[in-house]
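Asker: how would this look folded up:
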Amino acid sequence: MANVPAHGPFTWSDFLALGEDDRRELIEGELVEVEVPIEIHEHIVVQLAFFLTAWARPRRAGHALASGYKVRIGERRGVMPDLQFYRAGSSAMRTQQALVSGHPDLVVEIVSESSVRYDRITKRGYYARIGVPEYWIIDPSPRTLERWVLEGEEYRLAGSLAADDVFRPGSFEGLEIPLAELWTIPAEPKH
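Answerer: Residues are numbered from 1 along each chain as shown. Take a look at the predicted model:
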């Protein structure tokens, strides 16, 4: 931990000073350990990044960033969404290391057993507070995707899909994500 005090409360500057491989997030002035992602989690992140990038690139509509890019919520709050998307022309102020003001246009979190409450309540509140217009919560265990849309200062559930449904979010015209692609990691070919 380079230039980070041994004890909190910690600040946004302390959070930025953490090494690239440090998976902690800044929650209410404390550096909280985030669960190390398992294979299905990372597979889903890659698949979503693929679908969003394939949709955005020919339209010059924006770009996706995967796990590890920090988002400032406040002086004592900072998180690293599993996936975030910035539309072309976004006014968000970003550095190489972090979003320092504004918000992503979409944030996605893939929940695990230990992060359900954190992703569904704490982070959803954080993302609403900074004005993220859309939040997708994906749960690999029951194979569900929830689309939350910001209305005023709170999110409204705009859709819930499961299993083999095809996700067609209205805010990304023409984007189609066959959910079956998210749940199955292709088998390794036998040699």
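Asker: give me the contacts around the helix or strand bottoming out on mean pLDDT in the chain.
Answerer: Across the helices and strands of the chain, mean pLDDT, DSSP states H and E gives its lowest value to helix 116-117, namely a mean of 89. Outside helix 116-117, the residues that touch it by CB atoms under 8 Å, 6 or more residues apart in numbering are residue 139. Bear in mind the C-beta positions are built from the backbone N, C-alpha and C, glycine included.
Asker: which SSE is immediately downstream of that helix?
Answerer: helix 124-130 (DSSP states H and E).
Asker: and the least confident helix or strand of the chain, how far out from the chain middle?
Answerer: Using CA atoms, centre = their mean, to the nearest Å, the mean C-alpha position of helix 116-117 is found 14 Å from that of the whole chain.
Asker: tell me where this structure has helices.
Answerer: 12-17, 39-59, 116-117, 124-130, 180-183 (DSSP state H).
Asker: could those helices be laid out in JSON lines, adding mean neighbour count and distance to residue 72?
Answerer: Compiled in JSON lines, the helices of the chain are given as follows (neighbours: other CB atoms under 10 Å; distance: least, CB to CB, whole Å):
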{"stretch": "helix 12-17", "mean neighbour count": "18", "distance to residue 72": "6"}
{"stretch": "helix 39-59", "mean neighbour count": "16", "distance to residue 72": "21"}
{"stretch": "helix 116-117", "mean neighbour count": "12", "distance to residue 72": "22"}
{"stretch": "helix 124-130", "mean neighbour count": "18", "distance to residue 72": "8"}
{"stretch": "helix 180-183", "mean neighbour count": "17", "distance to residue 72": "29"}
